[in-house]
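# just the structure for this:
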Amino acid sequence: MATPTAPAQTTPAASATAREEAQERQIEAAVTAWAKAWSDRDMKDYYAAYTRNFRGDKDSRKAWEEERRQRIVSKRSIEVRVLNPRIEINGDKAIVRFRQEYRADSLSVNSNKRLELVRSGNKWLIEKESTGS
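The predicted model follows:
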């Protein structure tokens, strides 16, 4: 008969590393879902990727949503790819830097992108975004 083995002990550092890796996976999944919603021209899920008070460079969330809707739904097709994401986490905030490949109709643009996310409940939402950084 085999003798039972003691459960593996985890150190606080190992637990912290595991939590951070889990957060990185959640953040990367949030960014991937945002890019997919944009590519699918799914405005409901696209807007849901942002905090409720996000307004980009517009005077209001409503103005930002209207501009994004016009720019996105007018395209026959869109493909957004997130390449080589680098994630920095600081508590309930995160910065994700990556190379973005954007293709829509006859336009193709590759640029550096930076998303600042904040944890809201069990979700990570985009609080700020910028291109070229």
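
# so the residue nearest the centre of the chain, which state does it fall into?
Centroid-nearest residue in the chain: Val31, 2.2 Å away (criterion: Cα atoms, centre = their mean). Of the three states, Val31 takes helix under DSSP: H, G, I helix; E, B strand; the rest coil.

# just give the number of residues close to Glu127.
Applying other Cβ atoms under 10 Å, we find 16 residues neighbouring Glu127. (Each C-beta comes from the backbone N, C-alpha and C, glycine too.)

# check which helix or strand covers it.
Using DSSP states H and E, Glu127 falls within strand 123-131.

# same for that strand, what does it pack against?
With contacts taken as 3 or more Cβ pairs under 8 Å, 6 or more residues apart in numbering; DSSP states H and E, strand 123-131 sits against helix 12-39, strand 93-104, strand 107-120.

# just how off-centre is the helix or strand just after the longest one within its chain?
So the one you mean is helix 12-39. Moving toward the C-terminus from helix 12-39, the next helix or strand (DSSP H and E) is helix 43-48. Between the centre of helix 43-48 and the centre of its chain there are 12 Å (Cα atoms, centre = their mean, to the nearest Å).

# which elements pack onto helix 43-48?
Under the contact criterion of 3+ Cβ pairs under 8 Å, 6+ apart, helix 43-48 touches helix 12-39, helix 61-73.

# quick one: closest of these to Ala48.
Taking Cβ to Cβ, helix 12-39 is the member of the helices and strands packed on helix 43-48 nearest to Ala48, at 7.7 Å.

# same for the closest one, what does it pack against?
By 3+ Cβ pairs under 8 Å, 6+ apart, helix 12-39 packs against helix 43-48, strand 78-90, strand 93-104, strand 107-120, strand 123-131.
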